[in-house]
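Peer 1: Quick check, what structure comes out for this input:
(3 chains)
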Amino acid sequence: MRHVLAACIIAALAAGLVAVTANEFYLRILFSACVYLLCALGMNVLLGYAGQKSLGQAGLFGAGAYSVALLTTSLDMNPWLALVLAVAISAVFGVLIAAPSLRVRGPALAMVTLAFGIVVEKVVTEASDVFGGAMGIYAIKPLTIGGVPLSMAQWVWLGIALCLGIHLLLRNLLTGRFGRAFLSLQADEIAAGAVGVPVLRFKVLAFVIAAATCGLAGALVAQQNQYINSDFITFNLSIFILLVVLFGGSGSLVGPLLGAVTLTLLSAVLARWSWIERFANGALLLFALYAMPKGLAGVLSGVFGKIAGPKAAAEIRPPADVPLPTRPAIVVDGPLLQADDVCKSYGGVRPAHNIGARLMPGDIHALIGPNGAGKSTLINMLSGVVRADAGRIAFLGADLKHATMHAICHRGIARTFQNLRLFRELSVLDNVLLGQHARMSNGFLSSLFGLPRARREEARARQRAGAILDFLGLSHLAEAPAGSLAYGLQRRVELARALATEPRLLLLDEPAAGLNPQETAELGDLLLRVRAQGITILLVEHHMDLVMRISDHVIVLDYGEKISEGTPALVQSDPRVMAAYLGTDVEEMAPASSHAVAGLA
Amino acid sequence: MAMLEVRDIDLAYGPIRAVTGVSIRVEQGEVVAIVGANGAGKSTLLKSIAGLLPLSGGSIHFEDADISTLPAHRRVGAGIALSPEGRQVFPDQTVRDNLELGAWSRRLNVGDLAAAVEQKYTLFPRLRERQGQMAMTLSGGEQQMLAIARALMGAPRLLLLDEPSLGLAPLVIRDIFLTIRKLRAAGMTVLLVEQMANLALGIADRAYVLETGRVTLSGTGAELLQHPQVRAAYLGH
Amino acid sequence: MLATWLQALVSGLAIGGVYALIALSFSITFTTTKTLNFSQGEFIGVGAFLGVAVLYLLSGQDEGAALAPGASAGFNYPLAAIAVGAAVGVIGILLFITAVRPFAGKPGMSWVMSTIGFGIILQSIGLAIWGPAPVNLPSPFGDDVIRIAGAGVRPQEILVLVVAIVLMIGLDLLLRRTRMGKAMRAVANNPSVAALMGINVSAVMIGAFALSSALAGIGGLLVAPIASASIFMGLGIALKAFSGAIVGGLDNPRGCIFGGFALGLLEASVALWQAQWREIVIFLLIILVLAIRPQGLFGARTLDKV
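Peer 2: Predicted coordinates for the structure are as follows:
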């Protein structure tokens, strides 16, 4: 509530300033600040939260501006209606610019967004019979109240009101389920998918939000000027919008405001010398990247905020014996998961060849084998990270062949990763809450408007996350950034995140890797407690002591094939297993023969 | 003084401790093996000796010089070459180019370079047949030979071999190990990391057993072959 | 009709040669460092203007008047090319040290924005020195149109094509035949194993940026007599070159060359139909190619290790 109050006070102060300023020039600067702030608010969702670089926001600004221009001139539409429609059209363009992101990533995606901006620039420049080119479109209908066009002061008031409204709405969105999901995209798309975030859908959504606010800003500029031409839509505008967010503090709620105000003022001062303004923008961009990766907002919170509280005690508290939140129990007749003849090959390597496995409900299964035996590949296929080339994987009787990672998570399979894929910048609690993502039901609109449903779901998720942290003895670390914890604790947080998806089957890829003997023993106890909650476990592990102690059933892979399975004792004494692990002596191998040479080919 | 002395080193990948307080020693002309299960820190140890991983603690001495902070690209010239885990040949370059790259630090003239390559072909006749082929078209065993030959092109006095048996068929493994024996007979000092303990202990003069980043056992190859703790290190106690 | 097509073919090949050269320059840094210069366009523009400055110097002309048609004649133009290559190469090293190395390999791809920032600074300095107006850079072989089978071809177009091809053959030989080139490819393939060979990986990376930037500068000098040289001219060229690189596969130098030429030809043929739509058609096509084959036509599919 304090945040809302503070935002309203700032807006009221700005509005008051407008009331006492008669100077048209100052009003124009304030209006520009509002326009850039609108662009930055959406861009912050895209860049600061979802971590997607768009270098083509000018194109979306143009989409809004030209939409409103054409709708009010050629179609003679009501200016307010045209404004709303222009935002909708820009949002559609947002989907368009997001489309390549479904397939391409990295520098190519950044370049595609850049190209999008240039295409729009070219279209409005070249197609002069529609868009007027450098001549532009005149007589765009301004917004009116009772038939009277807005005065300059009223334009600024409108701008301030829109900024305030959008800021508060986006704050609702970003402080809950949606904000966390966006942040998870930025941190690690594979981990995001594994905790049930539909990665592609959220990427598109972030692009659409950024497109809508940019389009709104463009439409306002066109209506206020009653004129638009191709000079408005430049690469420099795209970069400036990016700079506002980066300089203000990307990923911070106040960052866009700080960035928009300071940079608009700076531009106004430097506007007389075009090359100096340009130089300053380039230098600020580099400076922001080097010296203040969290922007002005980060610097300010460093100065005024608490200087990072005392480092949380880095040990595990005795775990509480609370029940884990789980899905309603079901009676499973036969195996929980059954894999038949599963194959996978990459080029010449064949990490899985006709592997079959039956995972019985309520058991701890272990998957062991020498390096390169295909263990991680099997886990990856079961969790949808990679697709099997052939064979069938059925979970609760349903085929997983075409299921995406997040859909598999929804169905009740959770996993951890061999090399830890935590959202390192996020707090332990946020990591666990992300695990709850798929268990929450509040949609976009209820989250955006902060409706009771969204609040109820958030409260419930927090209560469940709390129970999981208690179960694992991590409650006292809830606020610590996950990446700041000791390695053993990070492993445990990843387990907490996986448990938060309320799985029926938990896949653990080397959960004891990097743990010391004591931590490994504690992990064993913990996994037995998880099993007691009715959760089936499949773990890949090299710590044989752990495997032999807790497993009900062991599967041994070598060269992508299953060479043995059964109880730990049985597997331990199997000569094939011993040979796979220890090899045989050179002398015992077949003597050199024509076979040996053929074997090399 | 030993040719290579690793003194009490700690190694980590970011927050992950991989090796703690390990000391090993390799004498001129020895084959020394480091055995242990997956994830015990064997490869990490070898990488740090080759300079690919900075030390978090301790020091490494080679032929009386402290090389702890020498960058990887200068250790080859100092006399240490590594054949890395998983072969890692340059897939889009020919067998011959791969070999020539191995001699990068020696700055040989064309004639000496050809002679050095020829010498490796004598050791691995198979590579001569394949010399014009892209390395990615080789079989796993041939790639392993190439990786070893490429390391030898740096004219090392200490050869580091990381898991030469990884993913290879038994008969191919046999060939590779017979080659290691040949190298030893020719006077090469070898430090070998190997998961297949019986194989490695069979040809090693001395060996160390690594468990979760610590040396838990050391002795002659023959002693360790009989030691029950070696088996336990792999399959649990 | 045939003459029009022939003319389009020649100008497509000429501009395609420039795209191919710049596409190759992207590939050189991308393969060795997994980063590339998002302000390559500014490097092209600065290259052209540096070339103009050198030509003023060499021809002893006063800065006030436009360059005389003969200013590029004789050894002046090649000398200018060498000077521009060297100067822009040095700027490239500066770029690597200030804007790429601090961010390379870290999450968040900040190098995309830092190279853009560097480019904006470079451009603003260019603006301060040379101003925004385009200048005329005369072709060393004059501007008289040569008639070939009825088609009008400008000598500079032939020159661009020839120089681009010679440079690309040279680079291809460098990469494939020389020890240095093999070392560069080794670094591109696997930097840590390259270090095991004794290759100084960071020196190779610096060299890659110097080479890539030098190519951009020379590209600017080559294209300036065809398009009028302005400090802003590079953005479109670089973008199309990058598109060519993506189509051919950023990690495949020969693919990049192919992509560059293909794009030039495509642009010229679209221009036959509707000149103002050429950029739009090209970029839409690129998006289409990416949607079908994200790794490009000749690029290698990459796998994320989990």
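Peer 1: Taking the stretch 401-550 of chain A, what residue is nearest to chain B?
Peer 2: Going by CB to the nearest CB, chain B is nearest to residue A:544 of the stretch 401-550 of chain A, at 3.0 Å. Placement of C-beta: from N, CA and C, glycine included.
Peer 1: Leaving out chain neighbours, which residue sits closest to residue 208?
Peer 2: By default, I'm working from chain A. Nearest residue to residue A:208, sequence neighbours excluded (CB to CB, 6 or more residues apart in numbering or on different chains): residue A:94, at 4.0 Å.
Peer 1: wrong one, chain C
Peer 2: Spatial nearest neighbour of residue C:208, chain neighbours left out: residue C:32 (4.1 Å); criterion: CB to CB, 6+ apart.
Peer 1: packing partners for the lowest-mean-pLDDT helix or strand in chain B?
Peer 2: The weakest-scoring helix or strand in chain B, judged by mean pLDDT, DSSP states H and E, is helix B:228-235 (a mean of 76). If you count contacts as 3 or more CB pairs under 8 Å, 6 or more residues apart in numbering or on different chains; DSSP states H and E, helix B:228-235 packs onto helix A:575-582, helix B:197-203, strand B:206-211, strand B:214-220.
Peer 1: Would you format those as TSV with distance to residue A:438 included?
Peer 2: Shown next, in TSV, are those (distance: least, CB to CB, whole Å):
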stretch	distance to residue A:438
helix A:575-582	38
helix B:197-203	44
strand B:206-211	39
strand B:214-220	41
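Peer 1: which residues of the chain fall in strands?
Peer 2: All of this refers to chain A. A:144-145, A:148-149, A:337-346, A:349-359, A:364-368, A:390-395, A:398-399, A:413-415, A:505-509, A:536-540, A:553-558, A:561-566 (DSSP state E).
Peer 1: I was thinking of chain B, sorry if that wasn't clear
Peer 2: Using DSSP E, strands in chain B cover B:4-13, B:16-26, B:31-35, B:57-62, B:65-66, B:80-83, B:158-162, B:189-194, B:206-211, B:214-220.
Peer 1: hey, which of those strands is tucked in deepest?
Peer 2: Among the strands of chain B, strand B:80-83 has the highest mean neighbour count (mean count of other CB atoms under 10 Å in any protein chain shown), at a mean of 28.
Peer 1: Show me the contact partners of that strand.
Peer 2: Applying CB atoms under 8 Å, 6 or more residues apart in numbering or on different chains, the contact partners of strand B:80-83 are B:4, B:46-47, B:49-50, B:52, B:62, B:67, B:102, B:144, B:147-148, B:150-154, B:156-162, B:164, C:196.
Peer 1: Note down every partner strand of that strand and its orientation.
Peer 2: Note on strand B:80-83: by DSSP bridges, its sheet partners are strand B:158-162 (parallel).
Peer 1: mind checking how far the partner strand is from the chain centre?
Peer 2: 2 Å (CA atoms, centre = their mean, to the nearest Å).
Peer 1: Repeat that for stretch B:60-71.
Peer 2: The chain centroid and the centroid of stretch B:60-71 are separated by 17 Å under CA atoms, centre = their mean.
Peer 1: Endpoints of it, how far apart?
Peer 2: Using CA to CA, to the nearest Å, one end of stretch B:60-71 lies 13 Å from the other.
Peer 1: Now do it, average pLDDT.
Peer 2: The pLDDT scores in stretch B:60-71 average 95.
Peer 1: and if you look at stretch C:35-54?
Peer 2: 94.
Peer 1: Just the C-alphas of that stretch, formatted as CSV.
Peer 2: In CSV, the C-alpha atoms belonging to stretch C:35-54 read as follows (Å, rounded to 0.1, in the frame of the first residue of the first chain):
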residue,chain,number,x,y,z
THR,C,35,30.2,-12.2,-29.9
LEU,C,36,29.9,-9.7,-32.7
ASN,C,37,29.9,-6.0,-33.3
PHE,C,38,26.4,-4.6,-33.4
SER,C,39,27.8,-1.3,-34.5
GLN,C,40,29.6,-2.7,-37.5
GLY,C,41,27.5,-0.2,-39.5
GLU,C,42,29.2,2.7,-37.8
PHE,C,43,32.5,1.2,-38.6
ILE,C,44,31.6,1.1,-42.3
GLY,C,45,30.6,4.7,-42.2
VAL,C,46,33.7,5.8,-40.4
GLY,C,47,35.8,3.7,-42.8
ALA,C,48,34.4,5.6,-45.7
PHE,C,49,35.1,9.0,-44.1
LEU,C,50,38.5,8.0,-43.0
GLY,C,51,39.1,7.0,-46.6
VAL,C,52,37.9,10.4,-47.8
ALA,C,53,40.3,12.1,-45.3
VAL,C,54,43.2,10.0,-46.5
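Peer 1: how many neighbours does residue 34 have?
Peer 2: Answering for chain A, as no chain was given. 26 (other CB atoms under 10 Å in any protein chain shown).
Peer 1: To clarify, I was referring to chain C.
Peer 2: Counted by other CB under 10 Å, the residues lying close to residue C:34 total 17.
Peer 1: OK, contacts around residue 7?
Peer 2: All of this is about chain A. Applying CB under 8 Å, 6+ apart, the residues near residue A:7 are A:164, A:167, A:168.
Peer 1: try again with chain C
Peer 2: Here residue C:7 is in contact with C:151, C:152, C:153 (criterion: CB under 8 Å, 6+ apart).
Peer 1: Enumerate the residues of the stretch 201-306 of chain C near chain A.
Peer 2: Residues of the stretch 201-306 of chain C lying near chain A by CB under 8 Å from any CB of the partner chain: C:235-236, C:239, C:242-243, C:246, C:250, C:276-277, C:279-280, C:283-284, C:286-287, C:290-291, C:294, C:303-304, C:306.
Peer 1: Give me the buried subset of those residues.
Peer 2: Listed as buried from these are C:235, C:239, C:242-243, C:246, C:250, C:277, C:279-280, C:283, C:286-287, C:290, C:294, C:306; burial here means 16 or more other CB atoms under 10 Å in any protein chain shown.
Peer 1: how far does stretch B:205-224 sit from the chain's center?
Peer 2: 16 Å.
Peer 1: Which residues does that stretch contact?
Peer 2: Stretch B:205-224 is contacted from outside by A:516-517, A:543, B:11, B:17-24, B:30-37, B:39-42, B:44-45, B:197, B:200-204, B:227, B:229-230, B:233, using CB under 8 Å, 6+ apart.
Peer 1: State the mean pLDDT of the longest helix along chain A.
Peer 2: Ordering each helix of chain A by length in residues (DSSP state H) puts helix A:199-225 first. With pLDDT averaged residue by residue, helix A:199-225 scores 95.
Peer 1: what helices or strands is it leaning on?
Peer 2: With 3+ CB pairs under 8 Å, 6+ apart as the test, helix A:199-225 has helix A:24-43, helix A:57-73, helix A:79-98, helix A:152-174, helix A:177-187, helix A:189-194 packed against it.
Peer 1: For the stretch 501-601 of chain A, give the residue positioned nearest to chain C.
Peer 2: Counting by CB to the nearest CB, the stretch 501-601 of chain A gets nearest chain C through residue A:509, at 8.4 Å.
Peer 1: wait, isn't that residue in contact with residue A:417?
Peer 2: Yes: using CB atoms under 8 Å, residue A:509 is in contact with residue A:417, at 5.7 Å.
Peer 1: Which residues are in contact with each of these two?
Peer 2: Counting by CB under 8 Å, 6+ apart, no residue touches both residue A:509 and residue A:417.
Peer 1: So for the closest residue to chain C within chain B, what's the pLDDT?
Peer 2: Nearest to chain C in chain B, going by CB to the nearest CB, is residue B:105, at a distance of 2.8 Å. Reading off the confidence values, residue B:105 has pLDDT 91.
Peer 1: Next, the buried residues of the longest helix along chain B.
Peer 2: Across chain B, the longest stretch assigned as helix under DSSP H is helix B:170-185. Buried residues in helix B:170-185, defined by neighbour count with 16+ other CB under 10 Å: B:170, B:171, B:172, B:173, B:174, B:175, B:176, B:177, B:179, B:180, B:183, B:184.
Peer 1: Could you list the low-confidence segments of chain A?
Peer 2: A:305-315, A:347-349, A:583-601 (pLDDT under 70).
Peer 1: Next, the contact list for the most centrally placed residue in it, please.
Peer 2: The centre of chain A sits closest to residue A:185, judged by CA atoms, centre = their mean, with a distance of 1.8 Å. Applying CB under 8 Å, 6+ apart to residue A:185 gives the contacts A:50, A:51, A:52, A:192, A:197, A:199, A:202, A:203, A:206.
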